[in-house]
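>>> Got a predicted structure plus its sequence, pasted below:
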Amino acid sequence: MRFKIVPFLLMIACFSCLSFMQDGKKKIVFFGCQQIGVDFIDFLLTREDIEISLIVTYELPMDKTYGYKSVLEEATKRGLKVINPNRITESLIQEIKEINAYVIFSIYYRKIFHRELLKIPEIGCINIHPSLLPEYRGPVPTAWALMNGEKFFGITIHHMDEGMDTGPLLSQKTIEIFPNDTYTTLSERITKIGSIFLIETLQAYVSRVIKPIEQDNDKATVTTLLDRKDGEIDWKMTDEEIDHLVRAYTPWPGCYTIIQHGGKPLRVKILKAKLQEKGFLQIVPSSEFGMSSCSRAVLPSWE
């Protein structure tokens with residue numbers, strides 16, 4: 001599946017020197033997961049005009065397996081109230097109602113919001129989505145953009161509705177994808193840029209500088225979850241395709257190949273792939289292979 005990236009849909013005014021709200025500290029509820037969720041929480045904690053009343057996360061075993069920071073653990077260390085429910089229950093919705101939150105922020109949360117939850121905050125539920133919607137709706141859009149060899153990506157701040165990343169747009173920002181970017185490095189840059197961009201957008205929105213714009217559903221593309229088995233390298237792929245796959249699958253689920261070693265199959269992890277001059281692809285396999293790096297021609301024929 002191949003996606004295209006569209007130009008900016010709208011620009012916002014920069015209000016970085018202003019307070020998020022002009023009439024005192026506002027209570028917020030934060031829904032988020034993984035490292036990017038932790039990073040956004042840390043940014044919000046620097047804001048004197050925001051009170052994080054509740055954090056809701058949904059953690060999976062793979063998060064720790066692949067080194068992602070735990071929102072549950074990190075929020076607890078920071079003295080914040082955090083819960084990790086398997087689903088959004090009526091009791092959770094009631095608890096959020098009692099908080100009387102001004103806004104609910106969502107970043108990388110893994111569940112669809114109920115209609116009742118969407119109606120609670122004064123200015124609604126706001127999602128930070130790493131793509132230029134309506135393209136790359138759905139899970140792990142960052143990985144899919146890398147896999148597809150995109151040169152540019154983006155961040156969208158949008159109102160949430162009952163669909164998956166289908167709500168009205170508030171603002172968007174384009175981000176360049178560098179040749180050596182992996183899922184990890186691109187996500188880190190999205191967090192750094194997106195956290196400030198979120199506050200700028202909310203300042204512009206509550207000041208009525210910007211208005212929500214409906215998405216063009218005819219231009220929508222939808223991603224799917226990554227599967228561990230898809231990390232096996234198909235050596236019929238081009239150098240560029242292998243490079244894109246390895247960068248997209250770092251750190252999870254990771255890429256690998258099966259070679260014959262001593263007459264037995266051996267699974268070798270591919271830690272890195274880098275396109276050199278003239279299209280030469282350098283592969284960095286895991287230590288069991290016995291070589292620090294090699295060309296793509298070596299691995300599939302290794303005995």
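Thanks, I have the structure now. Residues are numbered from 1 along each chain as shown.
>>> pLDDT of the helix ranked longest in the chain, averaged?
If you go by DSSP state H, the chain has its longest helix at helix 183-206. Confidence for helix 183-206, expressed as mean pLDDT, is 92.
>>> tell me what that helix is packed against?
Counting contacts by 3 or more Cβ pairs under 8 Å, 6 or more residues apart in numbering; DSSP states H and E, helix 183-206 is packed against helix 34-45, strand 125-129, helix 141-147, strand 152-159, strand 169-176. No exception for glycine: its C-beta is placed from N, CA and C like everyone else's.
>>> Now do the buried residues in the first one.
By neighbour count with 16 or more other Cβ atoms under 10 Å, helix 34-45 contains the buried residues 34-41, 43-44.
>>> Kindly report the same for stretch 76-91.
Those would be 80, 82, 88, for stretch 76-91 by 16+ other Cβ under 10 Å.
>>> now the longest helix of the chain, how far from the centre of its chain.
Relative to its chain's centre, helix 183-206 lies at 11 Å (Cα atoms, centre = their mean, to the nearest Å).
>>> Put the alpha carbons of it into PDB.
Extracted C-alpha coordinates of helix 183-206, given in PDB (Å, rounded to 0.1, in the frame of the first residue of the first chain):
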ATOM      1  CA  TYR A 183      10.700   4.900  14.100                       C
ATOM      2  CA  THR A 184      12.500   5.900  17.300                       C
ATOM      3  CA  THR A 185      14.200   9.100  16.000                       C
ATOM      4  CA  LEU A 186      11.200  10.300  14.000                       C
ATOM      5  CA  SER A 187       8.900   9.700  17.000                       C
ATOM      6  CA  GLU A 188      11.300  11.700  19.200                       C
ATOM      7  CA  ARG A 189      11.200  14.600  16.800                       C
ATOM      8  CA  ILE A 190       7.400  14.500  16.600                       C
ATOM      9  CA  THR A 191       7.200  14.700  20.300                       C
ATOM     10  CA  LYS A 192       9.600  17.600  20.600                       C
ATOM     11  CA  ILE A 193       7.800  19.600  17.800                       C
ATOM     12  CA  GLY A 194       4.300  18.400  18.600                       C
ATOM     13  CA  SER A 195       4.200  19.300  22.300                       C
ATOM     14  CA  ILE A 196       4.900  23.000  21.600                       C
ATOM     15  CA  PHE A 197       2.600  22.800  18.500                       C
ATOM     16  CA  LEU A 198      -0.200  21.500  20.700                       C
ATOM     17  CA  ILE A 199      -0.100  24.500  23.000                       C
ATOM     18  CA  GLU A 200       0.200  26.900  20.100                       C
ATOM     19  CA  THR A 201      -2.900  25.300  18.500                       C
ATOM     20  CA  LEU A 202      -5.000  25.400  21.700                       C
ATOM     21  CA  GLN A 203      -4.100  29.100  22.200                       C
ATOM     22  CA  ALA A 204      -5.100  29.900  18.700                       C
ATOM     23  CA  TYR A 205      -8.300  27.800  19.000                       C
ATOM     24  CA  VAL A 206      -9.600  29.300  22.200                       C
END
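>>> need the next SSE after that helix, C-terminal direction.
Once the chain leaves helix 183-206, the next helix or strand it forms, by DSSP states H and E, is helix 239-248.
>>> Which residues outside stretch 62-80 are in contact with it?
Outside of stretch 62-80, the residues that reach it under the criterion Cβ atoms under 8 Å, 6 or more residues apart in numbering are 32-35, 37-38, 41, 45, 52, 55, 57, 59, 81-82, 84, 251-254.
>>> before we move on, back to that, so which of the helices and strands packed on helix 183-206 is the most packed in?
Among the helices and strands packed on helix 183-206, helix 141-147 has the highest mean neighbour count (mean count of other Cβ atoms under 10 Å), at a mean of 25.
>>> Nothing else from me, thank you.
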